[in-house]
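Peer 1: Next comes the sequence, and after it the predicted model I'd like to discuss.
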Amino acid sequence: MNFHNQVVVVTGGTRGIGAALSTAFIDAGATVIATYAGNDDRAQTFKATLEEGERLHLKKFDVSKKDQVDLFWKEVDQEYEQIHVLVNNAGIRKDNILASLDEQSWDDVLDINLKGTYLMCQGAVLKMMKSRYGRIVNMSSIGGILGLAGQSNYAASKAGQIALAKTLSKEVGKRGITVNCVLPGFIETELISDLPEAQVKEYKSQVPMKRFGKPSEVADAVLFLSSDKASYITGATVEVSGGL
Ligand code: NAP
């Protein structure tokens, strides 16, 4: 897959799955705008590790804050003629069983995972509609269709990303823009590094492939959906979950 002369926005593009996405897009020839929330050290270290780091442009802002997202798209308008791909990858989890889930944990997860996706999509489609081309991929989760005890806020946000993608795909299809979702299962990143060892063992035993996935395995699916090869795929969900 060839992304030469393409500009790709990856939110949360400096760590975990996002870093794998940024790396894969750069390896395929793209210029990548990787956004992050606040971890400057990790963002700079990631850039330094890339062989072609000059094609990684970093932007720091909170995807859940409309004023910050608006400013990002204003800067993008000034600095880049066209945006070809947006991957809504930034996400958090704040787990608890619903009976004990506090309102702040509900709001934080919905704001970053779902409202952030809405805000980022809005800026992207306004730009993509002008060029009549675009690829949007939401990093949802298998949790969005299966549910996992202790993740009502997270699962709701991830199901919302799927519904948003299906709806938006119908609104922008005629403008040459596709909108799809990738649904990872358990992927080895810091997001799930707090899971107790016993729970990791239990979850791995539930995965038909008997292992957690790697960020690069998620990136492969995202690059396909972002490429010319996926020109007639929109409103779709692709599971990268080892069979969950
Ligand atoms: P991660 O390692 O925790 O990285 C999260 C990234 O998102 C970081 O770059 C972080 O920036 C950024 N971010 C967090 N809050 C943000 C905000 N408010 N505004 C902008 N950026 C923000 O997570 P991951 O495991 O790679 O997960 C990436 C995506 O995949 C998430 O949407 C997650 O829900 C989804 N997913 C992951 C798994 C899994 O098992 N890992 C499974 C299914 C789905 P900073 O570095 O500045 O904090």
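Peer 2: Sure, I can see it. Numbers count the residues shown, from 1 in each chain.
Peer 1: helices and strands around the longest strand along the chain, which ones?
Peer 2: Taking DSSP state E as the criterion, the chain has its longest strand at strand 177-184. Counting contacts by 3 or more CB pairs under 8 Å, 6 or more residues apart in numbering; DSSP states H and E, strand 177-184 is packed against helix 116-131, strand 134-139, helix 152-172, helix 215-226, strand 237-240. C-beta: built from backbone N, CA, C; applies to glycine.
Peer 1: Please see if that strand touches the ligand.
Peer 2: Yes. Part of strand 177-184 sits near the ligand under the criterion CB under 6 Å from any ligand atom, namely Pro184.
Peer 1: chain center to the following helix or strand past that strand, what's the gap?
Peer 2: Using DSSP states H and E, the helix or strand that follows strand 177-184 towards the C-terminus is helix 197-206. Here helix 197-206 is found 25 Å from its chain centre; the criterion is CA atoms, centre = their mean, to the nearest Å.
Peer 1: can I get the CA coordinates of helix 197-206 in PDB?
Peer 2: Extracted C-alpha coordinates of helix 197-206, given in PDB (Å, rounded to 0.1, in the frame of the first residue of the first chain):
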ATOM      1  CA  GLU A 197      -1.700 -11.200  35.900                       C
ATOM      2  CA  ALA A 198      -4.500 -13.600  36.800                       C
ATOM      3  CA  GLN A 199      -6.900 -11.500  34.700                       C
ATOM      4  CA  VAL A 200      -4.500 -11.500  31.700                       C
ATOM      5  CA  LYS A 201      -4.200 -15.300  31.900                       C
ATOM      6  CA  GLU A 202      -8.000 -15.600  32.100                       C
ATOM      7  CA  TYR A 203      -8.500 -13.200  29.100                       C
ATOM      8  CA  LYS A 204      -5.900 -15.000  27.000                       C
ATOM      9  CA  SER A 205      -7.600 -18.300  27.600                       C
ATOM     10  CA  GLN A 206     -10.800 -16.700  26.200                       C
END
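Peer 1: So for it, what gets flagged as buried?
Peer 2: By 16 or more other CB atoms under 10 Å, the buried positions in helix 197-206 come out as Tyr203.
Peer 1: tell me the average confidence for it?
Peer 2: Average pLDDT, helix 197-206: 96.
Peer 1: hmm, who's touching that helix?
Peer 2: Phe186, Leu195, Lys210, Arg211, Phe212, Leu244 (CB atoms under 8 Å, 6 or more residues apart in numbering).
Peer 1: Around the ligand, which positions in this protein sit nearby?
Peer 2: Counting by CB under 6 Å from any ligand atom, the residues of the chain near the ligand are 11-12, 14-18, 35-39, 42, 62-64, 89-92, 112, 139, 141, 184, 186-187, 189-192.
Peer 1: Quick check on the residue nearest the centre of the chain: phi, psi?
Peer 2: Closest residue to the average C-alpha location of the chain: Asn89 at 1.6 Å, with CA atoms, centre = their mean. Asn89 adopts backbone torsions of phi -110, psi -20, taken as degrees, to the nearest 10.
Peer 1: Is it possible to mark the buried ones in the residues of the chain next to the ligand?
Peer 2: 11-12, 14-18, 35-37, 62-64, 89-92, 112, 139, 141, 184, 186-187, 189, 191.
Peer 1: Just confirm Glu190 contacts Arg15, I think it does.
Peer 2: Yes. Here Glu190 lies in contact with Arg15, judged by CB atoms under 8 Å, at a distance of 6.6 Å.
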